[in-house]
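Colleague: just to be clear, the model below is a prediction. Sequence and coordinates:
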Amino acid sequence: MQDIQALFADYASYHKTKGNKAYHRIGIPLIVLTLLGMLARVQLFDAGGVRVDVAMLIIAFSTIFYLLEEWRLAIAMLTVSVAFYFVGAAIPFWANVALFVLGWIFQFIGHSVYEKRQPAFTRNFVHLLVGPLWILNDLIPVVKSAPQSR
C-alpha cells in the first residue's frame, strides 16, 4: 500500500485550482453524508437484535483502510462517519438522493470548469476513499504535504 503522503500528493495533483477545491470541500462531504444515509436503509441482517446495514459495513471497511494509512485521521474520520451515518439516516430518502446528485454535480463542476482534468478516481478507484480523508486532513492537518496553491 502507498503511504498516505504519496496518496495525498497524487490526489492533490488532480485538485490544484481554488475553484475545484472549493467545490470538493462541499461536494465530498455531501456525497459521504447522503451515501451513508441512503445505505443505512439497506439492512443486511439482524445479529442477535443488532441491525447491520450496508452503511455500517462501508464505515467498517473504510476505517480499516484509513487505519492502515494514518491512524489519527482514521479515528477522526470514524467519528465524522458515525455522525454522518445518524444525520444521513434522519434525512428523508428523497433529500439524500437529491443532495447526493448535487454533491456529484459539484465534483464535476470543479473538474470541468476549474481543473479541466478528469477526477482522480477515474484513474485509481482508491481515490474514492482518499478524497474524504484529504478533505478531513485539510480541516484537521495531520499529514504534512508539499505546499500547494490554495
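Modeller: Good, I have the coordinates.
Colleague: where exactly do the helices run in this protein?
Modeller: 4-12, 18-39, 54-69, 71-90, 93-109, 127-139 (DSSP state H).
Colleague: among those, which is nearest Ala120?
Modeller: Nearest of the helices of the chain to Ala120, taken as C-beta to C-beta: helix 127-139 at 4.0 Å. In short, each C-beta sits where N, CA and C put it, glycine included.
Colleague: give me the contacts around that closest one.
Modeller: Contacts to helix 127-139, defined as C-beta atoms under 8 Å, 6 or more residues apart in numbering, come from residues 4, 7-8, 10-12, 14-15, 24-25, 28-29, 32, 62, 65-66, 69-70, 73, 76-77, 80, 119-121, 143.
Colleague: buried among these? Make that a ChimeraX selection.
Modeller: One line in ChimeraX is enough to select the buried members of the contacts of helix 127-139, burial here meaning 16 or more other C-beta atoms under 10 Å:
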select :4,7,8,10,11,12,14,15,24,28,29,32,62,66,69,70,73,76,77,80,119,120,121,143
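Colleague: can you pull out the low-pLDDT segments for the chain?
Modeller: Under the criterion pLDDT under 70, the flagged ranges of the chain are 1-2, 145-150.
Colleague: re earlier: nearest to Glu115, of the helices of the chain?
Modeller: helix 18-39 (4.2 Å).
Colleague: any idea how far Leu39 is from the residue located most distally from the centre of the chain?
Modeller: The C-alpha centroid of the chain is most remote from Gly48, which lies 30.8 Å away (C-alpha atoms, centre = their mean). Gly48 sits at a distance of 22 Å from Leu39 (criterion: C-beta to C-beta, to the nearest Å).
Colleague: now do Val82
Modeller: Counting by C-beta to C-beta, the gap from Val82 to Leu39 is 14 Å.
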